[in-house]
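1. 3D model of this:
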Amino acid sequence: MKRSKNFDLIVFDWDGTLWCGHQRRLFDGVASLLARLQARGHRLAVATAMRRDDLDRALVHLGLDGVFDGSRTTDQTQDKPHPCMLLELMNELAAPPARTLMVGDTPRDLQMAQNAGCASLGVSYSGTLPDLMLRYQPRYVASSVAELDQWLAGNA
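-> Sure, this is the predicted structure:
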C-alpha cells in the first residue's frame, strides 16, 4: 500500500458530497474516486448528519459497506459544526489533524474541520455557492467530482 502525499485520512460528508439525495444515487464518478483513494493508501471515513441506520442501509445497498474505515452520524455524537465527529474519527483511526482532510458541501462541514484543526476541501456541485464556503478557508472548492478527483490526485 502506497503512503499518501499529504493526508492519511480523508473524511467525507455524505449527502451533497458523495450522495445526490434528491436523485437517490451517488454522484457520477464517486465510486471510482473512492477506489482510487483506497488504492493510494488513504483511509476513508464519513461524517454525516444522517442517522446511523440510514447510512448503514445506504452503504450496503450501494456496495460500499467495506469502503470506509470509519463513520460518525448525528445520532452517535454531536452534530456539525461541533468538531466531535472528526475528533472521534481521528482518534479511532490514529490520524492527527495535520494529516486529516474533511471534504464537504456546506459551510457547516468546513467549519467543523476548522474547529477540529483539520484542512478542508469544499465541493459546490450540489448547489452551495463557493463564496459561502470560502469563509472557512478550504484548500480548494471543486465544482465537479472530476475536479475533486483531480485536486485530490495532485494534493492529497
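
2. Ala45 should be in a helix, yeah?
-> No: going by DSSP: H, G, I helix; E, B strand; the rest coil, the assignment for Ala45 is strand, not a helix.

3. which ones are touching it?
-> Neighbour list for Ala45: 9-12, 68-72, 89, 93 [criterion: CB atoms under 8 Å, 6 or more residues apart in numbering]. (Each C-beta comes from the backbone N, C-alpha and C, glycine too.)

4. next one: Val30
-> Applying CB under 8 Å, 6+ apart, we find Val30 in contact with 18-19, 145.

5. what does Gly70 give?
-> Contacts of Gly70 (CB under 8 Å, 6+ apart): 43, 45-46, 89, 92-93.

6. do the same with Gly16
-> Gly16 sits next to 104-106, 123, 126-128 when contact means CB under 8 Å, 6+ apart.

7. separation between it and Leu26?
-> As for Gly16, its distance to Leu26 is 12 Å (criterion: CB to CB, to the nearest Å).

8. same check on Leu93?
-> Going from Leu93 to Leu26 by CB to CB gives 23 Å.
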